[in-house]
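In: Dropping a prediction and its sequence here:
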Protein chains: 2
Amino acid sequence: MLRITKLTDYAVIVLSGMVDAQAVASHTARDLSEKTKIPQPTVSKVLKVLARRGLVRSERGKNGGYRLSRGPETITVAEVIDAVEGPIAVTECSSEGRGCCELEGHCPTETNWVRINDAIKQALRGVTLADMVRPNLPVLIPLRRLGVAEG
Amino acid sequence: MLRITKLTDYAVIVLSGMVDAQAVASHTARDLSEKTKIPQPTVSKVLKVLARRGLVRSERGKNGGYRLSRGPETITVAEVIDAVEGPIAVTECSSEGRGCCELEGHCPTETNWVRINDAIKQALRGVTLADMVRPNLPVLIPLRRLGVAEG
DNA sequence: TCCAAACAGGACCCAAGAGGTCCAGTATGC
DNA sequence: GCATACTGGACCTCTTGGGTCCTGTTTGGA
């Protein structure tokens, strides 16, 4: 585990399918379904969520469709995850929301999970939609500890 | 989301509870339950899993219990996650196992997820049980892209 | 004015898995 | 032999992932 949901996975794929020469061209759910091979009802579901969260803009009626609300180089993977499944939280206690568990306050690992979570979040903020449509993501340097002697 | 399961969370807490002056002292499930405030059946379940995966050693009978099989500075968070919930895989396609989805091969984001996954995995390999019991985890430097002009 | 295209908002369903309890076995030491 | 502890698995409930479908509503064009 430590997994994003399929819907989030689809969201990234669908958004990737909307990136093209004219970055803000309009696409219908039907077209995106054919392009991505994801069933059309599911594509619609994803797009409705993304529209509600402001990542895409919807236009109704004939000649309607969806278009990216911003350039793909300004939309991060972290944002997409956040839009579809809420704030990134590796553990219940690692998000801002408090009062999650009865161990709170005297849990020895609590603050450390927050830090791990922040690091992962930062990492995903560093990867954009424009990166994701490239054949190969630039090499990522793993997290590295700082401020304390290693080992 | 992008969350580890509660059982994994418990595993880290229970293992943290086993770290003390004598790093390899024996602890009963009952003692660890009291120490961590996690219900005893759940503690037992966690420990059984960890024992099967070799992270702790079990001793039956009177004066039995569990003890860390290695020093806490050699057990990583990545190992614990792996032991409890299997290989870390942010998406279905990001683990080694293939044949996961019908988009395979022509999915534009596939290889990029593998890289993101690897980076997160590496990060979690860099945090040990010994780190987790310290009040404050050393600062983590987020992933950084390399090899391509930033932004 | 009417119709078709396309999104909007839900309800709805199924399956899987998280999360947890309990019980019948088995090893060990006193 | 008995109490203590781990072992293995069955079992249950509840949530949520994952997906479909239906009934609006908006829009443009014939």
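Out: In hand now; what should we look at?
In: and the residue of chain A found nearest DNA strand D, what does it touch?
Out: Nearest to DNA strand D in chain A, going by C-beta to the nearest atom of the strand, is A:Gly61, at a distance of 2.3 Å. Any C-beta I mention is one placed from the backbone N, CA and C, and that applies to glycine too. Neighbour list for A:Gly61: empty [criterion: C-beta atoms under 8 Å, 6 or more residues apart in numbering or on different chains].
In: next one: the one 5 residues further on
Out: The neighbours of A:Tyr66, taking C-beta under 8 Å, 6+ apart as the test, are A:18, A:26-29, A:32, A:47, A:50-51, A:56-59.
In: I'd like to know how far the residue of chain A closest to DNA strand D sits from chain B.
Out: From A:Gly61 across to chain B, the span is 30 Å (C-beta to the nearest C-beta, to the nearest Å).
In: now swap in A:Leu129 and tell me
Out: For A:Leu129, the distance to chain B equals 10 Å [C-beta to the nearest C-beta].
In: ditto for A:Ile120
Out: Look at A:Ile120 and chain B: by C-beta to the nearest C-beta, they are 6 Å apart.
In: Give me the next element, helix or strand, following whatever helix or strand that residue lives in.
Out: With elements delineated by DSSP states H and E, A:Ile120 resides in helix A:110-125, which encompasses its position. Remark: after helix A:110-125, the chain's next helix or strand is helix A:129-132, criterion DSSP H and E.
In: Nearest residue to A:Thr76 in space, please, no chain neighbours.
Out: Spatial nearest neighbour of A:Thr76, excluding adjacent residues (C-beta to C-beta, 6 or more residues apart in numbering or on different chains): A:Arg125 at 4.9 Å.
In: And for that neighbour, the neighbour number?
Out: Neighbourhood size, A:Arg125 [other C-beta atoms under 10 Å in any protein chain shown]: 16.
In: Show the buried residues in the contacts of A:Tyr66.
Out: Neighbour counting over those (16 or more other C-beta atoms under 10 Å in any protein chain shown) leaves A:Met18, A:Ser26, A:His27, A:Thr28, A:Ala29, A:Leu32, A:Leu47, A:Leu50, A:Val56, A:Ser58 as the buried ones.
In: re the thing from before, for the residue nearest to A:Thr76, what are its contacts?
Out: Contact criterion C-beta under 8 Å, 6+ apart gives A:Thr76, A:Val77, A:Ala78, A:Glu79 as the residues in contact with A:Arg125.
In: Most neighbours among these, which one is it?
Out: Top of those by neighbour count (other C-beta under 10 Å): A:Val77, with 26 neighbours.
In: how much space between A:Asp82 and chain B?
Out: As defined by C-beta to the nearest C-beta, A:Asp82 lies at a distance of 10 Å from chain B.
In: and that residue, what element?
Out: With elements delineated by DSSP H and E, A:Asp82 resides in helix A:77-85, which encompasses its position.
In: pLDDT score for the residue nearest to A:Thr76?
Out: Among the per-residue scores, A:Arg125 holds a pLDDT of 90.
In: At the contact with DNA strand D, which residues of chain A appear?
Out: For chain A, the residues in contact with DNA strand D under the definition C-beta under 7 Å from any atom of the strand are A:5-7, A:10, A:39, A:41-42, A:44-45, A:59-64, A:85.
In: List buried residues within those residues.
Out: Neighbour counting by 16+ other C-beta under 10 Å classes A:Tyr10, A:Thr42, A:Ser44, A:Glu85 among the residues of chain A next to DNA strand D as buried.
In: Let me see the contact set for the spatially closest residue to the last one that is not a sequence neighbour.
Out: Using C-beta to C-beta, 6+ apart and skipping the chain neighbours, the partner closest in space to A:Glu85 is B:Met1 (4.1 Å). B:Met1 makes contact with A:Ile4, A:Thr5, A:Thr8, A:Ile81, A:Glu85, A:Gly86, A:Ile88, A:Ala89 under the criterion C-beta under 8 Å, 6+ apart.
In: quick one: B:Met1 is in a helix?
Out: No. Residue assignment for B:Met1, taken from DSSP: H, G, I helix; E, B strand; the rest coil, gives coil, which places it outside any helix.
In: what's the distance between it and B:Val46?
Out: When distances are taken as C-beta to C-beta, to the nearest Å, B:Met1 and B:Val46 turn out to be 22 Å apart.
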